[in-house]
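Asker: how would this look folded up:
(2 chains)
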There are 2 protein chains.
Amino acid sequence: MKFCSQCGRPVTLTVPVNDDRPRHVCPSCGAIHYQNPKLVVGCIPVWEGRILMCRRDIEPRRGYWTLPAGFLENGETAAAGARRETLEETGATVVDLTPYLMVDIVHIHQIYLMFCSRLLAANFHPTHESSEVRLFKEEEIPWNEIAFKVVEKTLRCYFKDRVSGRFAFRSDKIETRGSIGN
Amino acid sequence: MKFCSQCGRPVTLTVPVNDDRPRHVCPSCGAIHYQNPKLVVGCIPVWEGRILMCRRDIEPRRGYWTLPAGFLENGETAAAGARRETLEETGATVVDLTPYLMVDIVHIHQIYLMFCSRLLAANFHPTHESSEVRLFKEEEIPWNEIAFKVVEKTLRCYFKDRVSGRFAFRSDKIETRGSIGN
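Answerer: Numbers count the residues shown, from 1 in each chain, chains lettered A, B, ... in the order given. Coordinates of the predicted model:
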């Protein structure tokens, strides 16, 4: 941030009164511009024991496999956002969304919230964001071609919990950049 | 948002290519400025069966009682943010944070994430943000003086679950403005 979004004048980085960390502050109009983590919402879409994944056709990590997920928008609940992202990226409709895994990714200012979900029907197709969309059995998951560490973590949790059939909500974190994206 | 935070020129509200909703876009430098919901993190701080609450000394809802909570900052996990807010608002240190309740408050673009927690010691005091900080037994909770609907919801969930002793994670939403803040 270089300019004030309220008045268009240059901002400075300074600690406001009664605050404890530097913010982008406008010396002209006094506006304080806070920057906060964003929530990324996504799904584990399940159909007859198989998981719907998509091969990314956009950067970052184009060509790698992921679970449908994206930034939550103003005006929607977290579950509605996860449903929308799944529809946009795979063409599929998911139902029975249950919060399953929250992952703090501190270094990129993101919090992932992944939902367990069920495909309403085996209807899906490539989309603007995904060159390929398909169902995977556990033994077919392309572990070496996963786009992001958080996706690998989500899938490993899911398959572990599937043994017991209990999918209790849990939280986790990713603290450093890894070899496979965030 | 009226001006581009990258170049300082006026922005327009328009739907970018490959998007489906209006964004603040800069016609000069091309920057697209997304606006997303913010995560509010907070605690139910428990000490010997009593709940630590604080009387707000800042607007909105000055003079009303609340649970410690505030905006998650860049660079911290959700649990770390909830701990920090509790310390800032009550002077108390909480431990054993467990995600407990997520509440979508769509109309104000906020997602609340409340943690169950335990006070490390019965040490707390008034702060810059709280004119009074005290422990409440269930029958002492000032239900008619609660600052926000999400706080009332959190407390009612907690006391209900306490009967069974099982505090499974759950999600809920608040869809309209009520008589008691958000």
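
Asker: any idea how far A:D172 is from A:P142?
Answerer: Distance, A:D172 to A:P142, by Cβ to Cβ, to the nearest Å: 22 Å. Where C-beta positions appear, they are placed from N, C-alpha and C, glycine not excepted.

Asker: more neighbours, the two?
Answerer: More neighbours surround A:D172 than the other of A:D172 and A:P142, with 15 against 11 (other Cβ atoms under 10 Å in any protein chain shown).

Asker: next, count neighbours for the residue nearest to the more buried one when sequence neighbours are not counted.
Answerer: Once flanking residues are discounted, A:D172 sits nearest to A:V103: 5.1 Å by Cβ to Cβ, 6 or more residues apart in numbering or on different chains. Using other Cβ under 10 Å, A:V103 has 25 neighbouring residues.

Asker: next, the contact list for the residue in chain A sticking out farthest from the centre, please.
Answerer: The C-alpha centroid of chain A is most remote from A:S28, which lies 36.7 Å away (Cα atoms, centre = their mean). Listed by Cβ atoms under 8 Å, 6 or more residues apart in numbering or on different chains, the contact set of A:S28 reads A:C4, A:C7, A:R9.

Asker: ok, the helix or strand where the residue nearest to A:D172 lies: who's next to it in the sheet?
Answerer: Applying DSSP states H and E as the criterion places A:V103 in strand A:94-105. If you go by DSSP bridges, strand A:94-105 pairs up with strand A:110-119 (antiparallel), strand A:170-174 (parallel).

Asker: so which of these comes closest to B:R50?
Answerer: strand A:170-174 (25.8 Å; Cβ to Cβ).

Asker: can you list the residues that contact that closest one?
Answerer: Residues contacting strand A:170-174 (Cβ under 8 Å, 6+ apart): A:100-106, A:149-150, A:153, A:157, A:182, B:77-79, B:99.

Asker: can you redo the contacts of A:S28 as CSV with neighbour count, secondary structure and distance to B:H33?
Answerer: Putting the contacts of A:S28 into CSV (neighbours: other Cβ atoms under 10 Å in any protein chain shown; DSSP: H, G, I helix; E, B strand; the rest coil; distance: Cβ to Cβ, whole Å) gives the following:
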residue, neighbour count, secondary structure, distance to B:H33
A:C4, 24, coil, 13
A:C7, 15, coil, 15
A:R9, 14, coil, 17
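
Asker: switch these over to TSV; also include distance to chain B and pLDDT.
Answerer: TSV is the format used below for the contacts of A:S28 (distance: Cβ to the nearest Cβ, whole Å; pLDDT from 0 to 100):
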residue	distance to chain B	pLDDT
A:C4	7	97
A:C7	7	96
A:R9	7	96
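
Asker: quick one: residues contacting the residue nearest the centre of chain A.
Answerer: Central residue of chain A (Cα atoms, centre = their mean): A:V40, 3.4 Å from the mean position. A:V40 makes contact with A:A69, A:G70, A:F71, A:L72, A:Q110, A:I111, A:Y112, A:L113, according to Cβ under 8 Å, 6+ apart.

Asker: okay if I get these as a markdown table plus neighbour count?
Answerer: A markdown table is the format used below for these (neighbours: other Cβ atoms under 10 Å in any protein chain shown):
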| residue | neighbour count |
| --- | --- |
| A:A69 | 26 |
| A:G70 | 16 |
| A:F71 | 14 |
| A:L72 | 26 |
| A:Q110 | 18 |
| A:I111 | 25 |
| A:Y112 | 24 |
| A:L113 | 27 |
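
Asker: widest-spaced pair of those?
Answerer: A:G70 and A:I111 (13.2 Å).

Asker: hey, where'd the helices end up in chain A?
Answerer: In chain A, the helices defined using DSSP state H lie at A:78-90, A:149-164.

Asker: who does the closest residue to A:L52 other than its chain neighbours bridge with?
Answerer: Nearest residue to A:L52, sequence neighbours excluded (Cβ to Cβ, 6+ apart): A:P45, at 4.0 Å. Counting by DSSP bridges, A:P45 is bridged to A:S117.

Asker: what's the distance between A:P45 and chain B?
Answerer: Applying Cβ to the nearest Cβ, to the nearest Å, the value for A:P45 to chain B is 18 Å.

Asker: now swap in A:H24 and tell me
Answerer: Separation of A:H24 from chain B (Cβ to the nearest Cβ): 8 Å.

Asker: which ones are touching that residue?
Answerer: Counting by Cβ under 8 Å, 6+ apart, A:H24 touches A:M1, A:V11, A:T12, A:L13, A:I32, A:H33, A:Q35.
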